[in-house]
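K.L.:
what follows is a predicted structure for the sequence shown.
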Amino acid sequence: MTILIILFLIFLGVLLLLLEFAVIPGVTIAGIGGAVSLGAGIYLAFDEYGLAAGFLTLAFVVFIVPVIFCRFFKGRTGKKMILQTEITGKVNESETKSVSVGDEGITVGRLAPMGKVRINNQVYESKSLGGFVDQEVKVRVVEVLNTQLIVAPCE
């Protein structure tokens, strides 16, 4: 009869942990209950059947249960629960290709030291080379980076 209780506790622990990972992620009652159930099954095996059965139960829980989890999540049912899409886009892909070093423009707002600059009727994110630059000051492009421009005030 005790062996049925041990098997039930291990089965219940695996079931609760699967429920925790698949349905209600986070540290909840299901996860804690699953861990406690597995621990109780291992303890009961050591207590009732001795070291050999206890270590056999422990080895089953430590080595076989993770294999069960991997097989579950790599199977058809698990793949339906896992997000499969990938993000292929990039942020600000080469906005600054139409600007070259030496182009002149005007600041849209104050560069302190970052801000917006209008060059060739387009607004770009820019960084001031020499500290703060007030609004509507003429600036020249010193360096063109992938996502921003380095500018300096014209003299």
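P.N.:
Now that the structure is in, tell me what you want to look at.
K.L.:
pull out the buried positions in the lowest-mean-pLDDT helix or strand in the chain.
P.N.:
Ranking every helix and strand in the chain by mean pLDDT, DSSP states H and E puts helix 76-81 at the bottom, with a mean of 76. For helix 76-81, a neighbour-count test (16 or more other C-beta atoms under 10 Å) marks residue 78 as buried. Just so you know, the C-beta spots here come from the backbone N, C-alpha and C atoms, and that holds for glycine as well.
K.L.:
mind listing the strands for this structure?
P.N.:
Remark: strands assigned in the chain by DSSP state E are 104-107, 114-119, 122-128, 138-144, 149-153.
K.L.:
chain center to the longest helix seen in the chain, what's the gap?
P.N.:
Counting by DSSP state H, the longest helix found in the chain is helix 29-59. Put simply, helix 29-59 sits 33 Å off its chain's centre (C-alpha atoms, centre = their mean, to the nearest Å).
K.L.:
I'd like to know which elements that helix is packed against.
P.N.:
helix 2-22 (3 or more C-beta pairs under 8 Å, 6 or more residues apart in numbering; DSSP states H and E).
K.L.:
name the surrounding residues that touch the helix it packs on.
P.N.:
Contacts to helix 2-22, defined as C-beta atoms under 8 Å, 6 or more residues apart in numbering, come from residues 28, 30-31, 33-41, 44-45, 48-49, 57, 60-61, 65, 68-69, 72-73, 78, 81.
K.L.:
next: stretch 114-129.
P.N.:
So stretch 114-129 is contacted by 95-96, 98-99, 103-109, 111-113, 133, 139, 141-142, 147-153 (C-beta under 8 Å, 6+ apart).
K.L.:
show the average pLDDT along it.
P.N.:
Averaged across stretch 114-129, pLDDT comes to 89.
K.L.:
ends of it, how far apart?
P.N.:
10 Å (C-alpha to C-alpha, to the nearest Å).
K.L.:
just how off-centre is it within its chain?
P.N.:
With C-alpha atoms, centre = their mean, you get 32 Å for stretch 114-129.
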